[in-house]
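K.L.:
need coordinates for the following:
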Amino acid sequence: MIVRKMNLKAKKEDMERIFHPRRLAIVGVSTDGGARGFGIGMLVGLQAMGFEGEVFPVNPKGGSYAGLNFYKKVEDIPGQIDFAIIAVAAKDVPEALEACRKKGAAGAEILSAGFSELATKEGRELEHKISEIADRGIRVVGPNCFGIYCPGSGLTLLPGPDLSRISGPVAFLSQSGGMAIDLAHKGKWMGLNFSKVVSFGNGADLREVQLLDYLTEDDETGVIGMYMEGIKDGEAFFNAIKKATKKKPVVVCKGGLSAAGQRMVVSHTASMGGSRVIWESVLRQVNAIQVQNLQELAEACLAFCFLPPKVFRRLSVIGGGGALGVTACDAAEKFGMEIPALEPVVRKNVEELLPKPGSSGANPIDVANPFVEPKILQKVLHAAAQDERVELQIIVSLLYHYKTMARMLGKPIAQVAPYRELAELLGGVVRETGKPIVAVLANPKRGVDDLDIVEMLALARAEFIKNGLPVFDDLHEAIRAIGHVNTYYEKRIKNES
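P.N.:
Next up, the predicted model:
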């Protein structure tokens, strides 16, 4: 495959029309199912997202849906179009793409499958035709993909009618459509907001290299996540990701590192998987953060979004229970951090605030009681922050225990647990001390009879996020995410000095 070198200025102009189209064609809209069923799915999704541009559905039989008349051919659409979504049978894709190119489209996403991922002569030839048309002047996302999610314009992935319209600093590039839609949904409840998410599938034209180049210069993007199965130009990828990591964090989840996984990669997107040793070596060399799965990727992106761009080596941890201290110290050491004993004066000030008996002002700080008032926790965190060695604080909140109190009072737990007050007060501590606070909202109770706890913690997470506090489900996960931030900025600062 020939990797095309695009003019940067032209690329930016094309990308603006792709991610923020004013006139959008959907080629292959039908309620009959099949490939065109994707087209109607995208139409429904765009309407649900509130896409504000003009939409032109295309179906050779004509028809209408939701107040929109179908055009029988792309050529029948009045005027020029900016972008196209193509969802027709594989054999009809080249003709549809060429028609969109002639209509002036800057780009098109091809949802249809049936190309090189089939490893057939016919599939490879069809994909080659797509590449040839792209060379004549239209950027292509796909084929065999879920497309683009851009909250700023209302473009959505397939199937994504209920994604957030709130823009944010996270971009995600994925060869897998499933991974793309999963992360978009995760972000909605975890507190991740996206600039762009691109599922590029087989990558007949635009793929990891060109998209990385674009996102590196994109002012809306502060951190780049990637799910990779394989690459087609190792040198170009190395140069692109090295350039990107000099400006912003890049978090990579590499699929297909096992022998079985490599076989699946070929059948999924027809890419070369590569060996584990080579991938890990390359990512370390360019200062990209490698993660093992989508959850870890989301957690790392969350930490990069909410924490200042610096290294945090010494932590304070506040929570309840002796085992918490053991877990915290073990995790901190594993990821290159420490939880130092507080200075004697600071410890004394902390212990004067804690309920008795059973509490401890050592670090980790054991509050001994899950019902400690938010105002007390505020004062404890404020006092601990006075230790100059402490650079970041973690609070492990056991809000789920309030179900016992809620049952006694005959009220829903969401009305009893003081998560709003706690989130607001802790946000104030961060502003006053200048030291970040990371929250862990633990919950071992997730059965059917505890769905009220799950709901309360979802509401609590939203309040913490609103107050600038990243939230994790587990202490180990929180410390691991902080470790990723440290790894990136330690090397970046060293390279810049």
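K.L.:
state the distance from F70 to I479.
P.N.:
54 Å (CB to CB, to the nearest Å). C-betas here are computed from N, CA, C, even on glycine.
K.L.:
looking at those two, which is more packed in?
P.N.:
The neighbour count for F70 versus I479, taken as other CB atoms under 10 Å, is higher for I479 (26 against 20).
K.L.:
mind telling me what element that one is part of?
P.N.:
Taking DSSP states H and E as the definition, one finds I479 inside helix 475-496.
K.L.:
show the average pLDDT along that helix.
P.N.:
Regarding helix 475-496, the rounded mean pLDDT is 96.
K.L.:
that helix: which residues count as buried?
P.N.:
Of the residues in helix 475-496, 475-489, 492 count as buried by neighbour count, 16 or more other CB atoms under 10 Å.
K.L.:
just the terminal-to-terminal distance for stretch 376-391.
P.N.:
End-to-end distance for stretch 376-391: 21 Å, by CA to CA, to the nearest Å.
K.L.:
in that stretch, what's buried?
P.N.:
Going by neighbour count (16+ other CB under 10 Å), the buried part of stretch 376-391 is L377, Q378, K379, V380, L381, H382, A383, A384, A385, D387, V390, E391.
K.L.:
quick one: that stretch to chain centroid distance?
P.N.:
Distance, stretch centre to chain centre, for stretch 376-391: 31 Å (CA atoms, centre = their mean, to the nearest Å).
K.L.:
and stretch 359-378, by the same measure?
P.N.:
Relative to its chain's centre, stretch 359-378 lies at 33 Å (CA atoms, centre = their mean).
K.L.:
now stretch 471-483
P.N.:
On the basis of CA atoms, centre = their mean, stretch 471-483 sits 16 Å off its chain's mean C-alpha point.
K.L.:
contacting residues for the residue nearest to A478 when sequence neighbours are not counted?
P.N.:
Using CB to CB, 6 or more residues apart in numbering and skipping the chain neighbours, the partner closest in space to A478 is F472 (3.9 Å). Going by CB atoms under 8 Å, 6 or more residues apart in numbering, F472 touches E299, L302, V438, A439, V440, L441, A478, A481.
K.L.:
beta-bridge partners for the fourth one, please?
P.N.:
With DSSP bridges as the criterion, A439 is bridged to I395, V471.
K.L.:
can I assume it is in contact with G468?
P.N.:
No - distance between A439 and G468: 10.5 Å, which falls outside the contact criterion (CB atoms under 8 Å).
K.L.:
who has more neighbours out of the two?
P.N.:
Ranked by neighbour count (other CB under 10 Å), A439 and G468 place A439 first, with 24 against 15.
K.L.:
next one: that one from I395, what distance?
P.N.:
Distance, A439 to I395, using CB to CB: 6 Å.
K.L.:
ok, M42 to L155 distance?
P.N.:
As defined by CB to CB, M42 lies at a distance of 9 Å from L155.
K.L.:
ok, now L68?
P.N.:
Per CB to CB, L68 is found 17 Å from L155.
K.L.:
more neighbours, these two?
P.N.:
Shown here are L68 and L155; by other CB under 10 Å, L155 has more neighbours (28 against 16).
K.L.:
hey, what's the more buried one bridged with?
P.N.:
Under DSSP bridges, the beta-bridge partners of L155 are C150.
K.L.:
show me the helices in the stretch 1-150 of the chain, by range?
P.N.:
Using DSSP state H, counting those that start in this stretch, the helices of the stretch 1-150 of the chain run over 8-19, 35-49, 93-102, 121-135.
K.L.:
in a markdown table, list these along with mean neighbour count.
P.N.:
Putting these into a markdown table (neighbours: other CB atoms under 10 Å) gives the following:
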| stretch | mean neighbour count |
| --- | --- |
| helix 8-19 | 17 |
| helix 35-49 | 21 |
| helix 93-102 | 21 |
| helix 121-135 | 17 |
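K.L.:
which non-adjacent residue is nearest H484?
P.N.:
Of all residues not flanking H484 in the chain, A300 sits nearest, at 4.4 Å (CB to CB, 6+ apart).
K.L.:
ok, V282 next?
P.N.:
Of all residues not flanking V282 in the chain, F238 sits nearest, at 6.3 Å (CB to CB, 6+ apart).
K.L.:
same question for R136.
P.N.:
Nearest non-adjacent residue to R136, counting by CB to CB, 6+ apart: R101, 6.3 Å away.
K.L.:
quick check: that neighbour touching G137?
P.N.:
Yes - applying CB under 8 Å as the test, R101 and G137 come out as touching, 6.1 Å apart.
K.L.:
CA atoms of stretch 227-242 as CSV?
P.N.:
C-alpha atoms of stretch 227-242 as CSV (Å, rounded to 0.1, in the frame of the first residue of the first chain):
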residue,chain,number,x,y,z
TYR,A,227,-6.8,0.9,19.6
MET,A,228,-4.5,-0.7,17.1
GLU,A,229,-4.5,-4.1,15.5
GLY,A,230,-1.8,-3.6,12.9
ILE,A,231,-0.1,-1.0,10.7
LYS,A,232,0.9,-1.0,7.1
ASP,A,233,3.8,1.5,7.2
GLY,A,234,6.0,1.0,10.3
GLU,A,235,8.4,3.9,9.6
ALA,A,236,5.6,6.4,8.9
PHE,A,237,3.7,5.3,12.1
PHE,A,238,6.9,5.6,14.2
ASN,A,239,7.5,9.1,13.0
ALA,A,240,3.9,10.2,13.4
ILE,A,241,3.5,8.9,17.0
LYS,A,242,6.9,10.3,18.0
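K.L.:
please parse the chain into its domains.
P.N.:
According to automatic domain parsing, the chain is divided into the following domains: 8-304, 307-496.
K.L.:
tell me the gap between the first one and the middle of its chain.
P.N.:
A distance of 14 Å separates the C-alpha centroid of domain 8-304 from that of its chain, computed with CA atoms, centre = their mean.
K.L.:
pretty sure L398 contacts G320?
P.N.:
Yes - applying CB under 8 Å, one finds L398 in contact with G320, separated by 5.9 Å.
K.L.:
can you pull the residues that touch both of the two?
P.N.:
Joint contacts of L398 and G320 (CB under 8 Å, 6+ apart) are P370.
K.L.:
related to what we said a few turns ago, anything in contact with each of A439 and I395?
P.N.:
Residues touching both A439 and I395 by CB under 8 Å, 6+ apart: L426.
K.L.:
quick one on the thing from earlier: wait, a strand at the residue nearest to V282?
P.N.:
No - read with DSSP: H, G, I helix; E, B strand; the rest coil, F238 is helix and lies in no strand.
K.L.:
count the residues that sit near it.
P.N.:
Burial measure for F238: 15 neighbouring residues, criterion other CB under 10 Å.
K.L.:
how near is it to L212?
P.N.:
Remark: distance between F238 and L212 (CB to CB) = 11 Å.
K.L.:
what's the answer for E229, then?
P.N.:
For E229, the distance to L212 (CB to CB) stands at 15 Å.
K.L.:
ok, I110 next?
P.N.:
Note on I110: its distance to L212, by CB to CB, is 20 Å.
K.L.:
can you check G230 too?
P.N.:
To L212, G230 is 15 Å away according to CB to CB.
K.L.:
kindly report the same for E490.
P.N.:
Look at E490 and L212: by CB to CB, they are 22 Å apart.
K.L.:
okay, now the nearest residue to P418 once chain neighbours are set aside: neighbour count?
P.N.:
Once flanking residues are discounted, P418 sits nearest to P374: 5.2 Å by CB to CB, 6+ apart. Neighbourhood size, P374 [other CB under 10 Å]: 17.
K.L.:
P374 against G427, yeah?
P.N.:
No - counting by CB under 8 Å, P374 does not reach G427; the two are 11.4 Å apart.
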